[in-house]
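Chemist: A structural model of the following input is requested.
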Amino acid sequence: MAVSETLTSLPCSINYGDRMKALQANAGQLSWQTTERPHCGAGQVRIQVAAAGLNRADLLQRKGLYPPPAGVTPVLGLECSGVISEVGAGSAWQVGDEVCALLAGGGMAEEVVVDSQHVLPVPEGVSLLEAAALPEVYATAWLNLFILAQLKPGERVLLHAGASGVGSAAIQLCKALGNPCWVSVGSAERLAYCQSLGAQGGVVRGDNVAALADWAPFDVLLDPVGAAYAELNTRLLALDGRWVLIGLMGGRKVELDLAQMLAKRIHLLGSTLRSRSAEDKAELVSALRSEVWPLLASGQCQPCVAEVVPMADAERAFALLESNQVQGKVLLQL
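Modeler: Below is the predicted model of the structure:
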C-alpha cells in the first residue's frame, strides 16, 4: 500500500511558501502530508533532502512506542543526505554544500533544519544518495564500540544482528582498526555477507547460537537483542568484558546470574543515541569526521545500502526493514 499523497516531482521544484511535505505517522499509518516549514536560526542549516535512512527507531515511532524527545519534530527520520539551501548565522557551511546529517527527527521530508555541528560532508567517493546511509549507523557503532566500550586494538568483538545497518558499519570499523569480530545473524546468506565485510565468522541464530562459545571469550559485545541472549552473553564475555546494550529486539526482562557478572567484572552499558544532548552529538560528529570519514574516503569502510525505495512507496520500505531480512540500510529517496 502506497503512502497517501504521493510525491510527483522533486522537492526542489515545489514551493509551498511556509509549508513543505513530510512523512509522519498517524495512528500507525504513514502519511506524506503538508506540514509547517521549519525556521532556520543561528547555528543551524537548512538541507534540501535527497534521501533519508530508515532505522528501527522509525518503526517504533510509527507504532507509538518511541516518541521523539521533547521539542523534536514528529516527522520521521534520524539521518539524511542533501544539499544545504540556507545557512544560519555562525555556521561555516555554505549554500550548495553536499552533506549528510545526524538528526533527532525530521529527515523524511523535503527539507530539514539541523544544528550545523551535526552535519558532515559527503565523503570523497561516496554519492549524495549513498551518504544517507552513513550518519546514524557509523555514529552508533563508533559511540558504542570506541567511546563507551573503549575498544582497544586486538580486542575481540561479538556483534549480534551483524548484518544490520549498525552491524555492517561495526564490522568494517573493526576490520579497519584491528579488532577481530564475529556475528550472530538470521541466515547463511547474511553470514556470508558479514564475512565479505570482514567478520571472522559467526552463527545463524536459528541453528545453534551457543556455538559462539567456540570463539569466546569476547572483550566487547554489541547487543541490540536484549533478553533473549542475556544469559548467553554473560558466558561469552571475557574478564572485564563490556556488554553494550543498544536495543531490545529479543525482549526486555530476563533473570541473570549476577555472580557470573561479578566474577568476570562485566560492565553492562545501556546506550541510546537519539536522546543525547546537542553537545554530545556535536562531539560525536566531530569524532566521526576526524576518525571515520578518512576510512570512508580511502575505501576501507563504505556505505552498505540494501535497497533504495521511493518516498511514495514508504510502506514497502518499512515492511522491508521489519522483515529482518535486510543486509545493510534501506534508504528512502525523494
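
Chemist: Would you map the helices across the protein?
Modeler: 56-62, 135-141, 165-176, 188-197, 227-236, 258-264, 278-287, 293-298, 314-322 (DSSP state H).

Chemist: mean confidence score for the second one?
Modeler: Here helix 135-141 scores 98 as its mean pLDDT.

Chemist: on that earlier part again, reformat the helices of the chain as TSV; add mean neighbour count.
Modeler: Just so you know, the C-beta spots here come from the backbone N, C-alpha and C atoms, and that holds for glycine as well. Output for these, formatted as TSV (neighbours: other CB atoms under 10 Å):
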stretch	mean neighbour count
helix 56-62	20
helix 135-141	27
helix 165-176	26
helix 188-197	18
helix 227-236	19
helix 258-264	12
helix 278-287	16
helix 293-298	17
helix 314-322	19
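
Chemist: any chance of those helices in TSV, plus distance to Thr35?
Modeler: What follows is the helices of the chain, written out as TSV (distance: least, CB to CB, whole Å):
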stretch	distance to Thr35
helix 56-62	15
helix 135-141	22
helix 165-176	27
helix 188-197	37
helix 227-236	37
helix 258-264	47
helix 278-287	23
helix 293-298	32
helix 314-322	15
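
Chemist: Which one, of the ones you listed, ends up nearest to Gly105?
Modeler: Among those, helix 56-62 comes nearest to Gly105, with 8.1 Å by CB to CB.

Chemist: contact partners of that closest one?
Modeler: By CB atoms under 8 Å, 6 or more residues apart in numbering, the residues outside helix 56-62 that reach it are 25, 28, 30, 66-68, 76-78, 108, 224, 247, 249, 274, 318, 321-322.

Chemist: so how far is Ala319 from Asn208?
Modeler: The spacing between Asn208 and Ala319, counted by CB to CB, to the nearest Å, is 29 Å.

Chemist: So in terms of bridging, what pairs with Gln48?
Modeler: Taking DSSP bridges, one obtains Val83, Glu111 as the residues bridged to Gln48.

Chemist: Flag every buried residue along stretch 216-225.
Modeler: Within stretch 216-225, the residues that count as buried by 16 or more other CB atoms under 10 Å are 216, 218-225.

Chemist: Please apply the same query to stretch 194-209.
Modeler: Buried residues in stretch 194-209, counted by 16+ other CB under 10 Å: 194-195, 197-200, 202-205, 209.

Chemist: Output the below-cut-off pLDDT ranges for this structure.
Modeler: Within the chain, the stretches with pLDDT under 70 are 1-17.

Chemist: Okay then, goodbye and thanks.
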